[in-house]
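What follows is a predicted protein model with its sequence.
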Amino acid sequence: MSDQNDDAVPVTPRRMPKAPIEKIGGRKLKPSTLMMGHGYDPVLSEGSLKPPIFLTSTFAFEDAAAGKRHFEGITGKRPGGADGLVYSRFNGPNQEILEDRLSIWDEAEDALVFSSGMSAIATVLLANVNQGDVVVHSGPLYAATETLINKILGRFGVTFLDFPAGASPSKVAALLEQAKAQAAQNGGKVAIVYLESPANPTNALVDIEGVAEARKQVFGDEGAPPIAIDNTFLGPLWQQPLKHGADIVIYSLTKYVGGHSDLVAGGVLGSKGHMDPIRAIRNTIGTICDPNTAWMLMRSLETLELRMTRAGENAEKVCAFLRDHPKVDGLGYLGFISDASQQDIYDRHCSGAGSTFSVFIKGGEAEAFAFLDALKIAKLAVSLGGTETLASLPAAMTHLSVPDDRRAALGITDNLVRISIGVEDPDDLIADFEQALGVV
């Protein structure tokens with residue numbers, strides 16, 4: 001530490017003595033610009049250009065009154081969380097700077113970061129459900145999310161109803177009426193409407209605006225369940241669900257935001273009113289991400305737009321090749337939608353087709369395995385959104401735990417290969433897919 005005179009005022013590291021720069025003249029700065037410094041002042045950290053990693057379990061209070069004030073926020077006696085640093089299970093400089101920057105992309109009022117995408121999802125659900133409640137969700141979902149809702153929450157008296165991703169608002173409204181009756185019979189409520197769009201791994205889109213319309217029709221404006229959505233496949237660059245009626249947006253930050261296949265984390269965004277109960281559960285069960293992971297995510301946010309843009313451009317070129325290949329039975333790619341209702345949702349909700357898609361290999365599991373085993377540039381691995389291209393077979397891997405009949409109903413077939421395109425040269429990727437299809 002540099003020498004300080006006796007009159008120096010101690011400052012909590014994350015607190016900025018001046019307002020962050022969000023505009024120059026009348027121009028509002030873009031997210032890609034704000035990622036370089038928003039929420040951090042180098043003056044408070046010895047002039048370090050980048051935030052240091054704050055590896056500490058606890059933080060010293062400036063006085064006893066401050067300690068009490070911070071714990072009033074932590075315990076919920078005062079909404080909004082602590083207004084200072086307390087303990088690393090609750091908050092920390094790296095996590096809070098990351099949350100400030102993450103909220104910019106979706107124009108969210110508040111954000112929280114977690115140790116994984118699933119810990120984010122679990123914490124959101126635990127903050128909203130009670131015994132006897134009903135969860136309404138779209139399908140398909142990520143397999144672990146389905147397991148959490150159907151099996152784990154089911155052990156505590158929570159039931160669920162689900163609708164296919166492309167369901168019309170009228171069908172969603174009918175299901176919400178059914179859920180409302182079921183909840184009343186169980187002595188509970190409809191706790192949450194949980195969406196995943198695009199769905200994993202089919203890329204089926206959910207009409208977020210239609211679901212919000214159906215909710216209003218059934219519940220009105222008071223006492224309606226929140227709409228939460230897993231926006232991992234397109235967010236935050238190509239879809240911002242808060243603008244279309246969602247209340248809570250969830251990310252596996254492991255994917256595009258982290259973007260380098262070297263960390264695991266999750267994020268949740270929304271209004272302070274929706275975040276406060278989620279923050280309270282996170283404080284209790286300790287699902288916050290660690291300082292080092294938060295620091296790495298801040299690093300990745302600086303190149304998020306560049307990486308996602310390049311990967312999206314690559315995916316369009318690769319899919320143009322795959323679409324007409326004789327050994328391909330179809331594509332689940334948002335750039336080539338054949339269904340009019342899905343195209344309508346895409347036009348209203350999305351600004352890009354993404355870089356993760358499904359390709360149906362002619363044949364079954366044996367042919368899909370042959371294709372996967374022949375890949376040379378693309379890596380045979382689960383996950384998505386990294387700088388490298390990945391390929392996997394959901395029916396035999398990520399969705400293996402889903403019962404056979406449900407997989408069939410959701411369209412997760414034995415020949416569906418999920419591909420996440422990276423930032424390699426697109427012509428090299430096309431050559432790799434061409435030679436791999438050649439062995440099928």
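It's in.

helix/strand/coil for Val359?
Using DSSP: H, G, I helix; E, B strand; the rest coil, the secondary structure recorded for Val359 is strand.

what about the strands in the stretch 251-400 of the chain?
266-270, 328-332, 356-361, 379-380, 390-392 (DSSP state E, counting those that start in this stretch).

The second one versus strand 356-361: what angle between them?
Okay, so that is strand 328-332. 160 degrees (axes from the mean of the first three to the mean of the last three CA atoms, to 10 degrees).

buried ones in strand 328-332?
328, 330-332 (16 or more other CB atoms under 10 Å). Yep, even glycine has a C-beta here, placed from its N, CA and C like the rest.

picking up where we left off before, among the strands of the stretch 251-400 of the chain, which is nearest Thr56?
With CB to CB, the closest approach to Thr56 among the strands of the stretch 251-400 of the chain belongs to strand 266-270: 22.5 Å.

ok, residues contacting the closest one?
With CB atoms under 8 Å, 6 or more residues apart in numbering as the test, strand 266-270 has contacts from 102-103, 106, 108-121, 123-124, 242, 247-254, 257, 275, 278, 289.

switch the cut-off to 7 Å
102-103, 106, 108, 110-114, 116-117, 119-120, 124, 242, 247-253, 278 (CB atoms under 7 Å, 6 or more residues apart in numbering).

Then stretch 59-67?
Residues outside stretch 59-67 that contact it (CB under 7 Å, 6+ apart) are 10, 84-87.

Between the two ends of it, what distance do you get?
By CA to CA, to the nearest Å, the extent of stretch 59-67 from end to end equals 10 Å.

Next up, the contacts around Asp290.
Applying CB under 7 Å, 6+ apart, no residues contact Asp290.

and it, backbone torsions?
phi -80, psi 160 (degrees, to the nearest 10).

That one and Val86, how far apart?
Distance, Asp290 to Val86, using CB to CB, to the nearest Å: 16 Å.

Also Val359?
Taken as CB to CB, the span from Val359 to Val86 is 49 Å.

of the two, who's got more company?
For Val359 versus Val86, neighbours defined as other CB atoms under 10 Å are more numerous around Val359 (26 against 21).

list the contacts for that one?
Contacts of Val359 (CB under 7 Å, 6+ apart): 322, 328, 331, 417, 419.

and of those, the nearest to Phe233?
Ile419 (12.4 Å).

which secondary structure element contains the closest one?
Using DSSP states H and E, Ile419 sits in strand 416-420.

ok, Ser103 touching Asp110?
Yes - counting by CB atoms under 7 Å, Asp110 is a contact partner of Ser103 at 6.5 Å.

residue ranges with poor pLDDT in the stretch 51-200 of the chain?
Along the stretch 51-200 of the chain, the model assigns pLDDT under 70 to no residue.

Spell out the residue ranges of the helices in it.
64-74, 93-106, 117-128, 143-147, 169-186 (DSSP state H, counting those that start in this stretch).

could I get these as JSON lines with distance to Glu305 and mean neighbour count?
As requested, these are exported to JSON lines (distance: least, CB to CB, whole Å; neighbours: other CB atoms under 10 Å):
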{"stretch": "helix 64-74", "distance to Glu305": "33", "mean neighbour count": "15"}
{"stretch": "helix 93-106", "distance to Glu305": "9", "mean neighbour count": "24"}
{"stretch": "helix 117-128", "distance to Glu305": "21", "mean neighbour count": "23"}
{"stretch": "helix 143-147", "distance to Glu305": "27", "mean neighbour count": "19"}
{"stretch": "helix 169-186", "distance to Glu305": "33", "mean neighbour count": "17"}
